[in-house]
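J.: Following is a predicted model, sequence given first.
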Amino acid sequence: MICALADDRQNGLDDLGARIARARAAHAGGISTAEARSESRGWAVGIEFVGVVLVSAALGWAFDTHAGFGTKPWAMIAMLVLGFAAGVYRALKTSAQFDADPTTGKEG
């Protein structure tokens, strides 16, 4: 007894190419590569911003609770403000890099 494969169609490579193209189009959901790249860059900037603020807040909290300076809660507040400023600076700098011309490296 010979067992057949689940997909026994013999339509050739043309049909396979068409099915792959349809599957890719359905999977893409109508988003172009440029849109996907822009979205991933936006996420990168946002995650970097949040990370800088959280790390600076953690440092401020550590200064307040473990360093023994007696500054509670002022070190954390100061570090949050500095972290926010650093996050905005990094977000602007990263966004400018995304807008730079890849051949010359100049913004514009």
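T.: Arrived safely, thanks for sending.

J.: Helices along this structure, start to end?
T.: 12-28, 33-66, 74-99 (DSSP state H).

J.: and the shortest one, how far from the chain's centre?
T.: When you say that, I think you mean helix 12-28. 29 Å (C-alpha atoms, centre = their mean, to the nearest Å).

J.: just checking, what packs against it?
T.: Here helix 12-28 touches no other helix or strand, going by 3 or more C-beta pairs under 8 Å, 6 or more residues apart in numbering; DSSP states H and E. Just so you know, the C-beta spots here come from the backbone N, C-alpha and C atoms, and that holds for glycine as well.

J.: Can you mark which positions in that helix are buried?
T.: Residues of helix 12-28 include none that count as buried (16 or more other C-beta atoms under 10 Å).

J.: State the mean pLDDT of it.
T.: Mean per-residue pLDDT for helix 12-28: 78.

J.: mind checking which helix or strand of the chain has the lowest mean pLDDT?
T.: helix 12-28 (a mean of 78; mean pLDDT, DSSP states H and E).

J.: report the angle between the axes of that one and helix 33-66?
T.: Taking axes from the mean of the first three to the mean of the last three C-alpha atoms, to 10 degrees, one finds helix 12-28 and helix 33-66 inclined to each other by 40 degrees.

J.: All further residue positions should be reported with the first residue as 26.
T.: Fine by me, first position is 26 from now on; the one you just mentioned is helix 37-53.

J.: got the CA coordinates for helix 37-53 in CSV?
T.: The C-alpha trace of helix 37-53 is given here as CSV (Å, rounded to 0.1, in the frame of the first residue of the first chain):
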residue,chain,number,x,y,z
GLY,A,37,4.0,23.0,-11.0
LEU,A,38,6.1,25.8,-9.7
ASP,A,39,3.9,28.5,-11.2
ASP,A,40,1.1,27.6,-8.9
LEU,A,41,3.5,27.4,-5.9
GLY,A,42,4.8,30.8,-6.6
ALA,A,43,1.3,32.2,-6.8
ARG,A,44,0.3,30.6,-3.5
ILE,A,45,3.5,31.9,-1.8
ALA,A,46,2.7,35.4,-3.1
ARG,A,47,-0.9,35.2,-1.8
ALA,A,48,0.3,34.0,1.6
ARG,A,49,2.9,36.8,1.8
ALA,A,50,0.3,39.4,0.9
ALA,A,51,-2.1,38.0,3.5
HIS,A,52,0.6,37.9,6.1
ALA,A,53,1.8,41.4,5.4
